[in-house]
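K.L.:
this is a predicted model, with the sequence first.
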Amino acid sequence: MVTFTIPQEIERFIEFTEKSDFEKKILDCGAGGSKPKIAVFSERGYEAHGVEISDTQIERAQKYAEENNLDYKIVKADMRKLPFEDESFSFVYSYHSIMHITKAGTIKAIKEMLRVLRKGGLLYINFQSTDSTGLKWGNDIGDNEMLDFSEVDKHGFDDTFHSFYNNDEPDELFKNLLLLHKGISSFEYKHNDEKCQSVTIDYILQKK
Ligand SMILES: C[S@@+](CC[C@H](N)C(=O)[O-])C[C@H]1O[C@@H](n2cnc3c(N)ncnc32)[C@H](O)[C@@H]1O
């Protein structure tokens, strides 16, 4: 059994993937961490693959797999250059991860996700909204693109990066896809005793 609360957005994506006739083969981009969402797909019988850029986050996710008897494979790779063949996955998703790369990098990552996704396959991505009250620490080095040194080593890096989007801003990235769902989600958390709200813009899309 997965031991963490499964986010509603992940459950919603599964409702769509379960309706598909495609083989249950899925890729998670930014798959590491101690509560790895890839575990949910593995538990439900999907052939689950992941890419992750941080060794520390890969170790955390592998430890979770061992402790909970789950089977998924995470390789060290950058989602902007995926080490997989064209059209090799039925489903691709990135949960709370693409927000860690620049807006220019995000365009590259989405292009890669669509390259490895088969025609008719499903994509889930969420973006951090400018309505969020947290994570906006550090210096704006672009267009709501924050470079932050206050959480050194959280994911095994020297710095953390967050990009924020106005709620309609990502729409143009998906012009050639079929939009199945768009929504806004939020949750509260504490950062240094301060109450913060994470607001995300969620998309479920189909490759034409
Ligand atoms: C907030 S964590 C979310 C992890 C996981 N998706 C989850 O929900 O538990 C974001 C993850 O994205 C990874 N990441 C950041 N940039 C990446 C990139 N360019 N390629 C692959 N992974 C990346 C980070 O190392 C981190 O593990």
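P.N.:
Alright, I've got the coordinates.
K.L.:
what's the separation between the closest residue to Ile53 other than its chain neighbours and Ile101?
P.N.:
Leaving aside its sequence neighbours, Ile53 sits nearest to Asp78 (Cβ to Cβ, 6 or more residues apart in numbering; 5.4 Å). Where you see a C-beta, it was placed from the backbone N, CA and C, and this is true even at glycine. Applying Cβ to Cβ, to the nearest Å, the value for Asp78 to Ile101 is 9 Å.
K.L.:
the two - which one has more neighbours?
P.N.:
When neighbours are counted by other Cβ atoms under 10 Å, Asp78 and Ile101 differ, and Ile101 comes out ahead with 22 against 17.
K.L.:
so the closest residue to the ligand within the chain versus Glu23, what's the distance?
P.N.:
Using Cβ to the nearest ligand atom, the single residue of the chain nearest to the ligand is Gly30, 3.0 Å away. To Glu23, Gly30 is 23 Å away according to Cβ to Cβ.
K.L.:
same check on Leu173?
P.N.:
27 Å.
K.L.:
do the same with Asp55
P.N.:
Asp55 sits at a distance of 30 Å from Glu23 (criterion: Cβ to Cβ).
K.L.:
residues contacting Arg118?
P.N.:
22, 87-90, 207 (Cβ atoms under 8 Å, 6 or more residues apart in numbering).
K.L.:
thank you kindly, that will do.
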